[in-house]
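J.: sequence unavailable; structure follows:
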């Protein structure tokens, strides 16, 4: 219920307190690009477009009330807008412009992944099919590649607060889940390279964390690696060298399995100083309770058990994503890198 327009695409030098007329908007890169990119995402998420019947809300990307075709049409239109207003003017040698371009491309790829996620498969009209698994796997790789590029670029450190707050957990979990089911290939090798880059730049995944999502992701990483070893063996290929990240995960799992189990009832306090558990879950499918993690963070919990048809219970992962998002949103900015 407002009519305030977005700021103009200008540099500070275009404004003067003595000017009598509004300045003419620039076409190209300006100091406002990063802010305007975020504002345009906000407009997209709240709009109602009678042509696409998709109002842009992030939750609607996974809402089964809109068809896949409607969602993809809305994303296509938004991608073209970002391309015409921002991306095509970005110089990768200018830090701010590199950041804008990478964030825009990463966000669009993640939006497509969420909109076409397998969780929507059961109610998707046959006339509007989801992207196939190969296309979704490629999308998840691209999202993690863009994120790794931002993490590893030295001149992106000033923007690390944004990168950490908007880490694409959905894409990483989907990527690891696919790696559990795929045969060796160049694409699989490329995916693993990106996973290792993530661990390199997110050391909190390898140290104790109060966030259960980190534990579950580490456990899923080991399961994916072990599945890959089995695929290598079945095809008669030589085993791959175990990378340092996987060695560390194995060591931490062994440490947990050899540690004595505390029997006192005040386990929530003890768990805060204990290393995370990466051991396989003994909980039967359908009995997983995410809320129990608030009582004892050492409870073996892996919401990644594959069904007989290869599907995953994504609702359990959603609970973990929500826990992580809330904890990151509540974190003071001074605590971020």
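T.: It's in. None of these values were measured; they are calculated from a predicted model. Numbers count the residues shown, from 1 in each chain.
J.: switch to C-alpha atoms for all contacts and neighbour counts from now on
T.: Noted.
J.: show me the strands in this protein, by range?
T.: With DSSP state E, there are no strands along the chain.
J.: show me which helix or strand of it is least confident by mean pLDDT.
T.: Ranked by mean pLDDT, DSSP states H and E, the weakest helix or strand in the chain is helix 267-271, scoring a mean of 38.
J.: tell me the confidence at residue 170?
T.: As predicted, residue 170 sits at a pLDDT of 89.
J.: likewise for residue 77?
T.: 92.
J.: cool, and residue 241?
T.: Residue-level pLDDT assigned to residue 241 equals 88.
J.: ok, how many other residues are close to it?
T.: Applying other Cα atoms under 10 Å, we find 7 residues neighbouring residue 241.
J.: low-confidence ranges in the stretch 51-200 of the chain?
T.: 51-65, 120-131 (pLDDT under 70).
J.: do you know how far the most centrally placed residue in the chain is from residue 16?
T.: Among the residues of the chain, the one closest to the centroid is residue 168, at 1.4 Å (Cα atoms, centre = their mean). Counting by Cα to Cα, to the nearest Å, the separation of residue 168 from residue 16 is 40 Å.
J.: how far out from the middle of the chain is stretch 192-207?
T.: 13 Å (Cα atoms, centre = their mean, to the nearest Å).
J.: mind listing what's buried along that stretch?
T.: The neighbour-count check on stretch 192-207 (16 or more other Cα atoms under 10 Å) flags 192, 194-200, 205-206 as buried.
J.: again, but for stretch 90-98
T.: Buried, per 16+ other Cα under 10 Å, within stretch 90-98: 90, 95-98.
J.: dump those to JSON lines, plus distance to residue 109.
T.: Formatted as JSON lines, the buried residues of stretch 90-98 follow (distance: Cα to Cα, whole Å):
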{"residue": "90", "distance to residue 109": "18"}
{"residue": "95", "distance to residue 109": "21"}
{"residue": "96", "distance to residue 109": "20"}
{"residue": "97", "distance to residue 109": "18"}
{"residue": "98", "distance to residue 109": "17"}
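J.: list the contacts of residue 34.
T.: By Cα atoms under 8 Å, 6 or more residues apart in numbering, residue 34 lies in contact with 96-97, 99-100.
J.: show me where pLDDT drops low in the stretch 201-337 of the chain?
T.: In the stretch 201-337 of the chain (pLDDT under 70), the answer is 208-210, 259-311, 325-337.
J.: try 90 this time
T.: 202-216, 218-219, 228-241, 249-337 (pLDDT under 90).
J.: and for residue 167, the neighbour number?
T.: 16.
J.: what do you get for residue 87?
T.: Counted with other Cα under 10 Å, residue 87 comes out at 24.
J.: I'd say it and residue 101 touch.
T.: Yes. The pair residue 87 / residue 101 is scored as a contact, 5.2 Å apart, by Cα atoms under 8 Å.
J.: can you give me the helices for the stretch 101-250 of the chain?
T.: 133-152, 160-165, 169-179, 186-201, 212-234, 244-258 (DSSP state H, counting those that start in this stretch).
J.: reformat the ones you listed as JSON lines; add distance to residue 23.
T.: Below are these laid out as JSON lines (distance: least, Cα to Cα, whole Å):
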{"stretch": "helix 133-152", "distance to residue 23": "33"}
{"stretch": "helix 160-165", "distance to residue 23": "30"}
{"stretch": "helix 169-179", "distance to residue 23": "41"}
{"stretch": "helix 186-201", "distance to residue 23": "42"}
{"stretch": "helix 212-234", "distance to residue 23": "48"}
{"stretch": "helix 244-258", "distance to residue 23": "53"}
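J.: could you look over the ones you listed and pick the most buried one?
T.: For these, the largest average neighbour count (mean count of other Cα atoms under 10 Å) is found in helix 169-179, namely a mean of 22.
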